[in-house]
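Engineer: Just to be clear, the model below is a prediction. Sequence and coordinates:
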Amino acid sequence: MSAVYNEIDFVLNGRTQHQRVDSRENAVDVLNQCGLKGTRESCGQGLCGCCTIYVEGKPVSGCLYPAWKLKGKDVTTVEALSSGSRIDVVQQAFIDAGAFQCGFCTSGFVLMTKKLLSEHPDPSREQIEHYLAGNLCRCGAYPEIIAAVRLAAERLAANKGEQ
């Protein structure tokens with residue numbers, strides 16, 4: 001099968017991108033070509049959550065999302081959560097709770113936690129486990145991940161009170 005190339009424009013973390021994509025490429029391939037390394041492909045089957053990105057604000061598995069479908073879309077990756085030396089409250093909670101070992105899966109967990117907390121600011125343990133069920137940590141840092149989600153929720157609630 002020969003490759004078919006498409007020229008696409010899309011918005012990546014707030015900046016317009018123009019890419020020439022191979023019809024066989026997935027979103028992770030294109031993000032890597034754009035110099036972003038936070039989104040990682042692991043299972044290649046959409047089962048582990050390492051490749052989680054937001055397309056039009058919805059979490060998707062970047063390993064299954066065809067690159068050509070990014071055309072005209074707004075794409076957000078974990079890199080959008082930090083600016084210079086400032087990192088997002090969820091990222092800081094993951095650091096403070098030690099919610100990673102190797103870190104390979106962390107980007108996907110962080111993005112799913114952001115989505116969870118936007119929909120459920122004070123999630124129960126069951127909600128956390130349900131929402132993060134599509135993300136796998138091969139190192140087994142699940143207790144720390146749950147603690148990080150709770151810590152992020154507490155910090156976000158405290159910050160709302162200050163505003």
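Structural biologist: Arrived safely, thanks for sending.
Engineer: for the helix or strand of the chain with the lowest mean pLDDT, packing partners?
Structural biologist: Scoring the helices and strands of the chain by mean pLDDT, DSSP states H and E places helix 142-162 at the bottom, with a mean of 92. Where contact means 3 or more C-beta pairs under 8 Å, 6 or more residues apart in numbering; DSSP states H and E, helix 142-162 is packed against helix 89-96, helix 106-119, helix 125-131. No exception for glycine: its C-beta is placed from N, CA and C like everyone else's.
Engineer: what's around Glu122, how many residues?
Structural biologist: I think there's a mix-up here, since residue 122 is Asp and not Glu. Neighbour count of Asp122, defined by other C-beta atoms under 10 Å: 11.
Engineer: circling back to that earlier point, with just CA atoms, put the least confident helix or strand of the chain into PDB.
Structural biologist: C-alpha atoms of helix 142-162 as PDB (Å, rounded to 0.1, in the frame of the first residue of the first chain):
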ATOM      1  CA  TYR A 142      -2.000   3.700  41.700                       C
ATOM      2  CA  PRO A 143      -2.200   4.600  45.400                       C
ATOM      3  CA  GLU A 144       0.000   7.700  44.700                       C
ATOM      4  CA  ILE A 145      -2.000   8.500  41.600                       C
ATOM      5  CA  ILE A 146      -5.300   8.500  43.700                       C
ATOM      6  CA  ALA A 147      -3.600  10.600  46.300                       C
ATOM      7  CA  ALA A 148      -2.400  13.100  43.600                       C
ATOM      8  CA  VAL A 149      -6.000  13.400  42.200                       C
ATOM      9  CA  ARG A 150      -7.300  14.100  45.700                       C
ATOM     10  CA  LEU A 151      -4.500  16.600  46.400                       C
ATOM     11  CA  ALA A 152      -5.100  18.400  43.100                       C
ATOM     12  CA  ALA A 153      -8.900  18.600  43.900                       C
ATOM     13  CA  GLU A 154      -8.100  20.100  47.300                       C
ATOM     14  CA  ARG A 155      -5.700  22.700  45.900                       C
ATOM     15  CA  LEU A 156      -8.200  23.700  43.200                       C
ATOM     16  CA  ALA A 157     -11.000  24.100  45.700                       C
ATOM     17  CA  ALA A 158      -8.700  26.200  48.000                       C
ATOM     18  CA  ASN A 159      -7.700  28.400  45.000                       C
ATOM     19  CA  LYS A 160     -11.300  29.000  44.100                       C
ATOM     20  CA  GLY A 161     -11.900  30.300  47.700                       C
ATOM     21  CA  GLU A 162      -9.000  32.800  47.200                       C
END
